[in-house]
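Asker: Structure, please.
(one chain, ligands or ions: 1)
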Amino acid sequence: MTGKKIEIHYEEYSSLEEMNAADCELVKAAFEAQKTSYAPYSHFNVGAAVLLEDGTVVKGSNQENAASPSGLCAERTAMFAAGATHPGVPMVAMAIAGGPEFTLCSNPATPCGACRQVMAEYQKIGRRPMSIILTGKDKIWKFEKVDDVLPFIFDSI
Ligand code: THU
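Answerer: Residues are numbered from 1 along each chain as shown. Next up, the predicted model:
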């Protein structure tokens, strides 16, 4: 038996002003997206903004339903909208902002496993890294690629 370790790299920013202009704009788009969240059941509101290679930003928010499995997370709403309206255009970054009652959590809200798997697929077909920016009230985390939020990505091929 050999013990193994993996490392995950990410950057932590203490304010939006510390980030580069493009990332800052994408986070602001995620804030805008959060305002459109429909979450009358969980009261946890999430916004996501996907930046495409051609500069387009596609926003999404969590959309809940009385029949709960019928709802969808913000990240998948945004990615599926981007995939459906801009097919074949790589997704290069996604910013996510979430918290209760349209606020932000102190630590960034982190994406669920299903959303991470969907990120992985779009990163793969885009053939370039998709950076993931998670926004909290007191800190912002930036991961350069989906692999850093989903180690050992499932890949059927
Ligand atoms: N939610 C997201 O939108 N993204 C995630 O990655 C995790 C959870 C939503 C789903 C549900 O509407 C609410 O947050 C509470 O789980």
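Asker: Run through this protein and note the low-pLDDT ranges.
Answerer: 157 (pLDDT under 70).
Asker: What residues does it have near the ligand?
Answerer: Within the chain, the positions near the ligand by CB under 6 Å from any ligand atom are 39, 42, 44, 46, 62, 64, 71, 73-75, 111-112, 115. The C-beta positions use only the backbone N, C-alpha and C, and glycine is treated the same way.
Asker: switch to 8 Å and redo it
Answerer: Within the chain, the residues that sit near the ligand (CB under 8 Å from any ligand atom) are 37, 39, 41-42, 44-46, 48, 61-64, 71-77, 96, 98, 109-112, 114-115.
Asker: would you put the C-alpha positions of stretch 58-70 in PDB?
Answerer: These are the backbone C-alpha positions of stretch 58-70, laid out as PDB (Å, rounded to 0.1, in the frame of the first residue of the first chain):
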ATOM      1  CA  VAL A  58     -25.100  34.000 -19.200                       C
ATOM      2  CA  LYS A  59     -26.800  34.300 -15.800                       C
ATOM      3  CA  GLY A  60     -28.800  31.800 -13.900                       C
ATOM      4  CA  SER A  61     -30.300  31.500 -10.400                       C
ATOM      5  CA  ASN A  62     -31.800  28.700  -8.400                       C
ATOM      6  CA  GLN A  63     -35.400  28.000  -9.300                       C
ATOM      7  CA  GLU A  64     -37.400  25.900  -6.800                       C
ATOM      8  CA  ASN A  65     -40.600  24.000  -7.100                       C
ATOM      9  CA  ALA A  66     -43.300  22.700  -4.800                       C
ATOM     10  CA  ALA A  67     -42.300  19.200  -6.100                       C
ATOM     11  CA  SER A  68     -38.800  19.800  -4.900                       C
ATOM     12  CA  PRO A  69     -36.700  17.600  -7.200                       C
ATOM     13  CA  SER A  70     -38.200  19.600 -10.100                       C
END
